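# next come a sequence and a model predicted from it.
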Amino acid sequence: MGVGMASERRLLSEDELERVKLSHYPDLGKIEPEEALALARWLRERRDRIRGIVATRQRARRGKAPSSGIGAPEASERGLSEKKQVFARAIRRVNARLDRERAERRRERIRGNFDEALKRKRSSVRHHPDAGDRSKDGMRPVGSDRRTVTIEPGEIGRASQAGKDAQARRDG
């Protein structure tokens, strides 16, 4: 569920709101990639800071940590968690922009590599040996390492015939 600009104005201070506005569509497309990277780092830092505050308050409310320092444990974390979500959504938008930039640079680099490879392929001399006038000897046989077994014609069927003869002696 999206949070409108009015909710962002309500949750954020003026300097935070100015930076988060940069993460919205028309302004995000106008900034340079280096600025977008700096904005993402700033947003991540703010989100992590608020995440730490919320976690500390929750631990203090459960009695796991002392409540000194970041505010009373009985104070509600709802506003802070909504503020954290605003920063998280802004980070998501900026990261999407940075991913698109990276993908575009990668596509340009790959396209350049393909063009160079095609240029090299087209400029190289093709090596196609001449087939000649006739086939001559054709393919040459490749020798086998297998042992050749030669059986004499008189030996073929000897074992099976011996079995038949032995069975006939037992039967008869």
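It's in. Numbers count the residues shown, from 1 in each chain.
# if I look at Asp27, how far off is Thr150?
Separation of Asp27 from Thr150 (Cβ to Cβ, to the nearest Å) stands at 90 Å. (C-beta placed from N, C-alpha, C; glycine too.)
# who's more crowded, the two?
Between Asp27 and Thr150, counting by other Cβ atoms under 10 Å, Asp27 is the more crowded of the two (10 against 4).
# hmm, the more buried one is touching Glu18, no?
No. With contact defined as Cβ atoms under 8 Å, Asp27 does not reach Glu18; the gap is 10.1 Å.
# what ranges does this structure have for its helices?
5-11, 14-21, 25-30, 33-62, 78-123, 158-171 (DSSP state H).
# who's in contact with the lowest-mean-pLDDT helix or strand in the chain?
In the chain, no helix or strand scores lower on mean pLDDT, DSSP states H and E than helix 5-11, which sits at a mean of 85. Outside helix 5-11, the residues that touch it by Cβ atoms under 8 Å, 6 or more residues apart in numbering are 17, 20, 24, 79, 82-83, 86.
# and the least confident of those?
Least confident entry in those, by pLDDT: Gly79, with 86.
# and the gap between it and Gly112?
To Gly112, Gly79 is 50 Å away according to Cβ to Cβ.
# so these two - more neighbours on which side?
For Gly79 versus Gly112, neighbours defined as other Cβ under 10 Å are more numerous around Gly79 (13 against 10).
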